[in-house]
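Engineer: No letters, just coordinates:
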């Protein structure tokens, strides 16, 4: 699913990571994160591999990327004990 810059930024904020923390966890340069987020409402351009790894880091942190007519994100619900 295509990801927008705003989706990525919201996911990062929900996961309580700053740009440098996310970049470190994803193994990319912090400028890569900045450029991705700068896409705003547009789809993130650039290497799909970078987008995929950044998104995977955020998903591992409990974020779900949604696209039900509009790109969105949410914090994954915790399983009840």
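Structural biologist: That came in fine, so what should we check first? Small disclaimer: the values here were computed from a predicted structure and weren't measured.
Engineer: C-alpha only now, for contacts and for neighbours.
Structural biologist: Fine.
Engineer: longest helix of this protein?
Structural biologist: helix 48-60 (DSSP state H).
Engineer: Now do the contacts for residue 51.
Structural biologist: By CA atoms under 8 Å, 6 or more residues apart in numbering, the contact list for residue 51 reads 3, 44.
Engineer: ok so, going back, can you pull the buried residues of the longest helix of the chain?
Structural biologist: Applying a neighbour-count criterion of 16 or more other CA atoms under 10 Å, one finds 50, 51, 53, 54, 55, 57, 58, 59 buried in helix 48-60.
Engineer: Tell me, how many residues neighbour the residue nearest to residue 23 when sequence neighbours are not counted?
Structural biologist: Of all residues not flanking residue 23 in the chain, residue 30 sits nearest, at 5.1 Å (CA to CA, 6 or more residues apart in numbering). Close neighbours of residue 30, defined as other CA atoms under 10 Å, add up to 17.
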